[in-house]
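**Q** 3D, please:
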Amino acid sequence: MAEEKHYYVYIATNHPRHTVLYIGITNGLTKREGQHKEKWSKKSFAAKYNTNKVVYFEIYGDVNMAITREKQIKGWVRQKKLNLINNTNPQWKDLVDMIYNNNPEIDIIIKRIEDSLLEK
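**A** Numbering: from 1, shown residues only. Down below sits the predicted model:
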C-alpha cells in the first residue's frame, strides 16, 4: 500500500518585521522552512527578503489542489492574506518551531485553519 503524500501551501514571513509575505508549496514543511532559514538558494526571493518563519499553512492530499490554492492565495490582495493569518495565528507564531517543540497550542491553530477552510 502506498503511503499518502501531503502537500503544504504555506505563508512565510520575515522575522521579526513581518513586512514580506512569501506563499509557497512543498511536500515537506519542516524541511522547507529549514531551507528558508539556511538561505539554501542564495539568489531566491526567500533568501533576499529573509522569509524564514512559517505563520500559516494548509495541508492537501492532492498536489493539483495544493497548486490551485497556492495560485489563489498569491492572487489575493495583501489585506486578504493578512486576514487569513490574523484569523488563525493572531500572534504570528512560527508554526514549524511549534511543531518541533511539541507545543500543544499548534493543535489549536491547526483547528482554526481547518475551520476557516470549511467556511470558504
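**Q** hey, let's count contacts and neighbours off CA atoms from now on
**A** OK.
**Q** What is the longest helix of this protein by residue count?
**A** helix 105-119 (DSSP state H).
**Q** Can you pull out the residues in contact with that one?
**A** The set of residues that contact helix 105-119 without belonging to it, under Cα atoms under 8 Å, 6 or more residues apart in numbering, is Phe57, Glu58, Asn87, Thr88, Asn89, Leu95, Met98, Ile99.
**Q** For the helix or strand where the third one lies, which helices and strands make contact with it?
**A** Of the helices and strands defined by DSSP states H and E, Asn87 is found in helix 78-88. Counting contacts by 3 or more Cα pairs under 8 Å, 6 or more residues apart in numbering; DSSP states H and E, helix 78-88 is packed against strand 51-60, helix 105-119.
**Q** For the last one, output the C-alpha coordinates as PDB.
**A** The C-alpha trace of helix 105-119 is given here as PDB (Å, rounded to 0.1, in the frame of the first residue of the first chain):
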ATOM      1  CA  GLU A 105      -1.000  25.300  21.000                       C
ATOM      2  CA  ILE A 106      -0.200  24.100  17.400                       C
ATOM      3  CA  ASP A 107      -3.300  21.900  17.600                       C
ATOM      4  CA  ILE A 108      -5.500  25.000  18.300                       C
ATOM      5  CA  ILE A 109      -4.000  26.900  15.400                       C
ATOM      6  CA  ILE A 110      -4.400  23.900  13.100                       C
ATOM      7  CA  LYS A 111      -8.100  23.600  14.200                       C
ATOM      8  CA  ARG A 112      -8.600  27.300  13.400                       C
ATOM      9  CA  ILE A 113      -7.100  26.800   9.900                       C
ATOM     10  CA  GLU A 114      -9.300  23.700   9.300                       C
ATOM     11  CA  ASP A 115     -12.400  25.600  10.400                       C
ATOM     12  CA  SER A 116     -11.500  28.600   8.200                       C
ATOM     13  CA  LEU A 117     -11.300  26.200   5.200                       C
ATOM     14  CA  LEU A 118     -14.700  24.800   5.900                       C
ATOM     15  CA  GLU A 119     -16.100  28.300   5.800                       C
END
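**Q** Return the set of buried residues in it.
**A** Of all the residues in helix 105-119, those buried under the rule 16 or more other Cα atoms under 10 Å are Ile106, Ile109, Ile110, Ile113.
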